[in-house]
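Participant: give me a 3D structure for the following:
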Amino acid sequence: MQVHPTHISGLVVVEPRVFGDDRGYFFESFNAEKFREAGLQPQFLQDNQSLSSRGVLRGLHFQRPPHAQGKLVRVIKGAVLDVAVDIRKGSPTYGQHHKLELNEENKLQFYIPPGFAHGFATLADDTVFCYKCTDLYHPETEGSIAWNDPDLGIDWQLENPVLSHKDQQSPDFASFESPFTYS
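Facilitator: Numbers count the residues shown, from 1 in each chain. The predicted model follows:
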């Protein structure tokens, strides 16, 4: 397993070592010791999985303290454009985003610590997306930012995405008051 830092402090891409042969493949999707060696020590409390058709956009979501969530995300089947936005006040990259394609072929994973808004757009039908979370879901602490906010400048590579009612009502970035601080 290799851990690759991104241009935004705290965000990392995890590249598992895949062992394949004519029977299929095997890889470790998580190894706490290897994460510790890379300077990451998340303690995961909940696993989630979603199924989406092509063109669905979910995000940009986060949970506020005291139930802020870090996430280790990956695709089991299909493909997504995965995006994390730095929402840590005082961060030199506040409001910047990092995006990458996660798919069943590349088997990449993306670790997103607390202090980031997260979202993804599905690029294939029947996409199965899963993520490990460092805290349990608490609806009273959930928040969101408009996925299409021009201040964020995210190219989702989608025309007319399918959105939930909640994601259609998310506030813009300019009016957003972040509960996170960069440390």
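Participant: okay, CA-based contacts and neighbour counts for the rest of this
Facilitator: Noted.
Participant: what's the longest helix anywhere in the chain in contact with?
Facilitator: In the chain, with assignment by DSSP state H, the single longest helix is helix 32-37. Contacts with helix 32-37, where a contact means CA atoms under 8 Å, 6 or more residues apart in numbering, come from 1, 41.
Participant: quick check: buried residues in it?
Facilitator: In terms of neighbour count (16 or more other CA atoms under 10 Å), helix 32-37 has its buried residues at residue 35.
Participant: ok, then the element right after it?
Facilitator: Using DSSP states H and E, the next helix or strand after helix 32-37 towards the C-terminus is strand 46-52.
Participant: what helices or strands is that following strand leaning on?
Facilitator: Contacts defined by 3 or more CA pairs under 8 Å, 6 or more residues apart in numbering; DSSP states H and E place strand 46-52 against strand 127-133.
Participant: look up the pLDDT of the residue nearest to the spatial centre of the chain for me, please.
Facilitator: Ranked by distance to the mean C-alpha position of the chain (CA atoms, centre = their mean), the top residue is residue 118 at 4.6 Å. Turning to residue 118, the model gives it a pLDDT of 98.
Participant: residues of the helix or strand containing residue 80 that come out buried?
Facilitator: Assigned by DSSP H and E, residue 80 belongs to strand 79-86. Across strand 79-86, burial judged by 16+ other CA under 10 Å covers 79, 80, 81, 82, 83, 84, 85, 86.
Participant: which one of the residues you listed is nearest to residue 146?
Facilitator: For the buried residues of strand 79-86, the closest approach to residue 146 (CA to CA) belongs to residue 85, at 11.4 Å.
Participant: so which elements touch the strand holding residue 80?
Facilitator: Under the contact criterion of 3+ CA pairs under 8 Å, 6+ apart, strand 79-86 touches strand 97-103, strand 116-122.
Participant: any chance of these in JSON lines, plus distance to residue 146?
Facilitator: Formatted as JSON lines, the helices and strands packed on strand 79-86 follow (distance: least, CA to CA, whole Å):
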{"stretch": "strand 97-103", "distance to residue 146": "13"}
{"stretch": "strand 116-122", "distance to residue 146": "10"}
